[in-house]
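Novice: Mind looking at a prediction? Sequence and model below.
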Amino acid sequence: MPCLVPGCQNHAPFFLGIRLRRPVMLPDYPNHGTAIWAPDCEAYLCAVHAAEGYTIDITLTPAAAHTITTNVSVAGGQVVSRTTPIAHAP
């Protein structure tokens, strides 16, 4: 995959994901610590850009479609979007 950073032509094996976890250490909860959803974002970075660090802004917009849509861009570059169904109940 190409690196998401505009103008970078490096191979990009590192990918961004986001995860919503259940609370941990709850004895009544058999799936404690597991994710309710954890989609990969289709956003890939090369080793150089993965190591430089980022400020990540997250905006949550409620959706009733039982899906998670991620939109990622770097420095105003191309936006990559991915929609993933939610497979687990909270």
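Specialist: That came through, no problem. Numbering: from 1, shown residues only.
Novice: which residues sit in contact with the spatially most central residue of the chain?
Specialist: Centroid-nearest residue in the chain, with CA atoms, centre = their mean: G17, separated by 2.6 Å. Taking CB atoms under 8 Å, 6 or more residues apart in numbering, we find G17 in contact with A38, P39, D40, C41. Bear in mind the C-beta positions are built from the backbone N, C-alpha and C, glycine included.
Novice: Need the contact partners of stretch 53-64.
Specialist: I18, T69, V74.
Novice: Pick the one among those residues closest to T84.
Specialist: Of all the contacts of stretch 53-64, T84 sits closest to T69, with 7.8 Å by CB to CB.
Novice: which residues in the chain form helices?
Specialist: Along the chain, the segments classed as helices by DSSP state H run 47-50.
Novice: Could you list the low-pLDDT ranges of it?
Specialist: Filtered on pLDDT under 70, the chain yields the residue ranges 24-33, 89-90.
Novice: Quick check: end-to-end length of stretch 66-82?
Specialist: End-to-end distance of stretch 66-82 (CA to CA, to the nearest Å): 14 Å.
Novice: do stretch 45-58 as well
Specialist: 18 Å.
Novice: any idea how far that stretch is from the chain center?
Specialist: 13 Å (CA atoms, centre = their mean, to the nearest Å).
Novice: quick one: buried residues of it?
Specialist: In terms of neighbour count (16 or more other CB atoms under 10 Å), stretch 45-58 has its buried residues at L45, C46, H49, A50.
Novice: What of stretch 73-90?
Specialist: Here stretch 73-90 shows V74, V80, T84 as buried, counting by 16+ other CB under 10 Å.
Novice: Near the nearest residue in space to P2 that is not next to it in sequence, how many other residues are there?
Specialist: For P2, ignoring the flanking residues on the chain, the nearest one in space by CB to CB, 6 or more residues apart in numbering is A12 at 6.0 Å. Neighbourhood size, A12 [other CB atoms under 10 Å]: 20.
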